[in-house]
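J.: Sharing a model prediction with you, sequence too.
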Amino acid sequence: MTTQASARDPGRATAELSLLVDIGSAWTKAAVVGRADGRWRIAAHAAQPTAWNEDELIATLAARLAGPVDPRVSRRIAALLVDAPRIAVHTPARPGRIALAAVSSELSGQAARRAAEAAGWVVVEAVTVDDGRPVVERLSALQSAEVDAWLIAGGFDEEGGEGALEVAGLVAAARGGGRSPVVWAGSAGLTERVGALFDPGVLRAVANPRPSADRENLLPLRRYLDGLIERLVERGAARQLAPIGFGRAVAELARASRLRVVGVDLGARYATWASADENGMAESRVVALGGLASPTLTAPGVPRRIAHSLPLAIDELAVADALQNLRARPGSIPQTDEELAVVHGAARHMLADLAANGPQPEGVDLLIGSGRTIGGAPLPAQAMQLLLDGIRPVGVVQVAIDPAGALGPLGALRDDEIVEGLGTLRDDLLTPLGAAVVCRGGRTGHLSMRVTVHRVGWRSLGPIEVRPGQLEVVPLPRGQVAELEIELDPAVSLGAPRRTRRLHASVSGGAVGVVLDARDAPLLLPRRSDDRRAVLSSWRDTFHREVRPPAEGAA
């Protein structure tokens, strides 16, 4: 941050600064952008529970700026921060509520539900022809639901389906003469008959998300529901929504860097998955109950699965209790290693669920983690492990985090300004964790991969041998570039369309280094508790221990 004296008052310094603020449902994150040596930089950032008074956040930022700023400004820094221009985004005040009526729970119902949830809707009630309830109970359930919109799905395009007419009739009866819109996402051949059940202008037909038994096409429905939730729930303020801003920022980063980028923002209530190709063509999924306060984390069986994923011996009841506390107080800070392990276990579970319900993240050049749990992890190695364990991005991928939570606010700028904003702060925006080579498959008793690291200006490292179920971390500092020479077992894949046994890749270093990960995708764990914890502990220790170079090869 620079200070400059005016001509009329040479003894008084002024400061050029602004704030980037992301107001979440549990945490508020703020970053101070100031001018230093002629360049705009992120001078400080902080996070605090949203329930706290803003004065605490300003005081924290002021304390972190006290050393670097001009002494003539330091006494006034808190007042300057209060008056500074702000670019702010916020978590939606509430998710959109939708009622779903479908022919089958496994096909049309499941496809329509995933499309709705990926657009940020919460399905408050769902009825299907095969749910086992009498018609009168289904009708009663729909009538008691408080919703913003209705979604009807079912029937294959070439076969029609009388069951779709049955559930459409239930929606017409439950809705009555209300003003809430109805979305028909079923058989194209039934559109006219379904539309006749409603007043003119009420029904909007969208392409069938399940046009046949073996084909799914969620994108048209999700895109329509994206726009509908903006019109009904957050009118006129779409860019100021944190999930929208995050997705726009990821798209611009991909366009500017000519990389394929995936960004994941894991919050308390919402989880956002944004992917973009090298041309900036982006797709986002916003899951309204995909965060760490999600009720799905306390659903039957989930605490047990999370307990089994922990390297510490924490019983299922203790995990369930910790998850209930996390749901009730998502802004709390873990106080013990056990509490932190449960929070990270929950984060891995939600990331895995987010990755599983969309296109697999293969062929990604850059993976970005955001949100308090990932971006604010106590150690960079913990953030790296959360992303690799949860998402399993098969291939060679750079990994970074958004520690200041600045992507969302910058994405709220206008199109021309977002380019300038991201370009101006490019050196401070992301913290590189390093790179990862994540493979799928492998054979017991064989090597998964053999990797030699050729560092620019240094001696080569390796070859490093990695067997199935193992991982190795190779030191590579931030700013250093290396060429990887990778030899794969015939049973191992890096996700490329055409399998090849030898390949080369260029990677950049970071706070963790280069992770050679042969643990398969998804992760495979032993059944016995002791064996499972031993494996999980060894993985954790590999990430966390001080990295030392392996044997050196020829220069």
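T.: Received it, and whenever you're ready, just let me know what you need.
J.: Identify the residues contacting residue 464.
T.: By Cβ atoms under 8 Å, 6 or more residues apart in numbering, the residues touching residue 464 are 450-453, 472, 474, 516, 550. Every C-beta, even on glycine, is put in place using the N, C-alpha and C of the backbone.
J.: need the helices for the stretch 401-550 of the chain, in chain order.
T.: Applying DSSP state H, counting those that start in this stretch to the stretch 401-550 of the chain gives helices spanning 407-411, 415-424, 426-429, 529-544.
J.: Return the most buried member of those helices.
T.: With neighbours taken as mean count of other Cβ atoms under 10 Å, the helices of the stretch 401-550 of the chain reach their highest mean count in helix 407-411, at a mean of 29.
J.: Run the chain-centre distance for that one.
T.: Its chain's C-alpha centre and that of helix 407-411 lie 14 Å apart, by Cα atoms, centre = their mean, to the nearest Å.
J.: Who are the packing partners of it?
T.: Under the contact criterion of 3 or more Cβ pairs under 8 Å, 6 or more residues apart in numbering; DSSP states H and E, helix 407-411 touches strand 17-23, strand 86-90, helix 242-257, strand 261-266, strand 366-370, helix 415-424.
J.: send the alpha carbons of it over as CSV?
T.: Presented in CSV, the C-alpha positions along helix 407-411 are these (Å, rounded to 0.1, in the frame of the first residue of the first chain):
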residue,chain,number,x,y,z
LEU,A,407,-12.6,-14.8,-6.4
GLY,A,408,-16.2,-14.2,-5.6
PRO,A,409,-16.1,-10.5,-5.1
LEU,A,410,-13.9,-10.0,-8.2
GLY,A,411,-16.4,-12.1,-10.2
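J.: closest one to residue 170 among the helices and strands packed on helix 407-411?
T.: helix 242-257 (31.6 Å; Cβ to Cβ).
J.: Report the separation between residue 297 and residue 412.
T.: To residue 412, residue 297 is 29 Å away according to Cβ to Cβ, to the nearest Å.
J.: again with residue 481
T.: Following Cβ to Cβ, the distance that separates residue 481 from residue 412 is 33 Å.
J.: So, low pLDDT: which residues of the stretch 401-550 of the chain?
T.: Within the stretch 401-550 of the chain, the stretches with pLDDT under 70 are 497-499, 546-550.
J.: Residue 481 and residue 412: who's more crowded?
T.: Neighbour count, other Cβ atoms under 10 Å: between residue 481 and residue 412, residue 412 has more, with 26 against 13.
J.: Quick check: closest non-adjacent residue to that one.
T.: Excluding the flanking residues, the one nearest residue 412 by Cβ to Cβ, 6 or more residues apart in numbering is residue 245, at 4.2 Å.
J.: The one you found and residue 377, how far apart?
T.: Counting by Cβ to Cβ, the gap from residue 245 to residue 377 is 22 Å.
J.: Equivalent analysis for residue 233, please.
T.: For residue 233 relative to residue 377 (Cβ to Cβ), the value is 31 Å.
J.: So the two - more neighbours on which side?
T.: residue 377 (23 against 20).
J.: doesn't residue 387 make contact with that one?
T.: No: applying Cβ atoms under 8 Å, one finds residue 377 not in contact with residue 387, separated by 9.9 Å.
J.: ok so, going back, make TSV out of the helices of the stretch 401-550 of the chain and add distance to residue 251.
T.: Shown next, in TSV, are the helices of the stretch 401-550 of the chain (distance: least, Cβ to Cβ, whole Å):
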stretch	distance to residue 251
helix 407-411	8
helix 415-424	9
helix 426-429	14
helix 529-544	30
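J.: so which of those gets nearest residue 69?
T.: Among the helices of the stretch 401-550 of the chain, the nearest to residue 69 by Cβ to Cβ is helix 426-429 (16.5 Å).
J.: which helices and strands sit right next to the closest one?
T.: Helix 426-429 packs on strand 39-49, going by 3+ Cβ pairs under 8 Å, 6+ apart.
J.: Moving C-terminal from the strand it packs on, which element do we reach first?
T.: Once the chain leaves strand 39-49, the next helix or strand it forms, by DSSP states H and E, is helix 54-65.
J.: Can you give the distance of whatever helix or strand comes next after that next one from its chain's centre?
T.: Using DSSP H and E, the helix or strand that follows helix 54-65 towards the C-terminus is helix 71-74. Going by Cα atoms, centre = their mean, the spacing between the C-alpha centre of helix 71-74 and its chain's C-alpha centre is 39 Å.
J.: Could you list every helix and strand in contact with helix 71-74?
T.: Checking 3+ Cβ pairs under 8 Å, 6+ apart, helix 71-74 ends up next to strand 13-15.
J.: Which of the contacts of residue 464 fall within strands?
T.: 450-453, 472, 474, 516 (DSSP state E).
J.: Same list (the residues you listed) but as TSV, adding distance to residue 197 and neighbour count.
T.: Formatted as TSV, the ones in strands among the contacts of residue 464 follow (distance: Cβ to Cβ, whole Å; neighbours: other Cβ atoms under 10 Å):
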residue	distance to residue 197	neighbour count
450	64	17
451	62	22
452	67	18
453	65	26
472	62	21
474	63	26
516	59	26
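J.: just those now: which is nearest residue 180?
T.: Distance to residue 180 across the ones in strands among the contacts of residue 464 (Cβ to Cβ) is lowest for residue 516, with 53.0 Å.
J.: partner residues bridging the closest one?
T.: On the basis of DSSP bridges, residue 516 is bridged to residue 437, residue 472.
J.: what bits of the stretch 201-350 of the chain have low per-residue confidence?
T.: 234-238.
J.: thinking again about what came up before, can you tell me which of the ones in strands among the contacts of residue 464 comes closest to residue 141?
T.: Taking Cβ to Cβ as the measure, residue 141 lies nearest residue 516 of these, at 51.6 Å.
J.: Residue 29: neighbour count?
T.: Around residue 29 sit 28 other residues, with neighbours defined as other Cβ under 10 Å.
J.: pretty sure it belongs to a strand, no?
T.: Yes: assessed by DSSP: H, G, I helix; E, B strand; the rest coil, residue 29 belongs to a strand.
J.: residues contacting it?
T.: Residue 29 neighbours (Cβ under 8 Å, 6+ apart): 21-22, 45-47, 372, 404-405.
J.: And residue 144, how far from residue 430?
T.: According to Cβ to Cβ, residue 144 stands 47 Å off from residue 430.
J.: let me redo that: residue 415
T.: Taking Cβ to Cβ as the measure, residue 415 falls 21 Å from residue 430.
J.: again, but for residue 259
T.: 12 Å.
J.: Looking only at neighbour counts, state which of those two leads.
T.: A count of neighbours by other Cβ under 10 Å puts residue 430 above the other of residue 259 and residue 430, at 25 against 15.
J.: Spit out the contact partners of that one.
T.: Listed by Cβ under 8 Å, 6+ apart, the contact set of residue 430 reads 368, 400-402.
J.: Of those, which belong to strands?
T.: Residues of the contacts of residue 430 located in strands (DSSP E): 368, 400-401.
J.: can you map out the strands along the stretch 451-555 of the chain?
T.: Ranges of strands in the stretch 451-555 of the chain, per DSSP state E, counting those that start in this stretch, are 461-466, 471-474, 481-488, 492-493, 502-508, 513-517.
J.: Deepest-packed of those strands, please.
T.: Buried most deeply of the strands of the stretch 451-555 of the chain, by mean count of other Cβ under 10 Å, is strand 513-517, with a mean of 26.
J.: for that strand, packing partners?
T.: Here strand 513-517 touches helix 380-391, strand 431-438, strand 449-455, strand 461-466, strand 471-474, going by 3+ Cβ pairs under 8 Å, 6+ apart.
J.: Let's have those in a markdown table, adding distance to residue 29.
T.: As requested, those are exported to a markdown table (distance: least, Cβ to Cβ, whole Å):
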| stretch | distance to residue 29 |
| --- | --- |
| helix 380-391 | 15 |
| strand 431-438 | 14 |
| strand 449-455 | 35 |
| strand 461-466 | 36 |
| strand 471-474 | 28 |
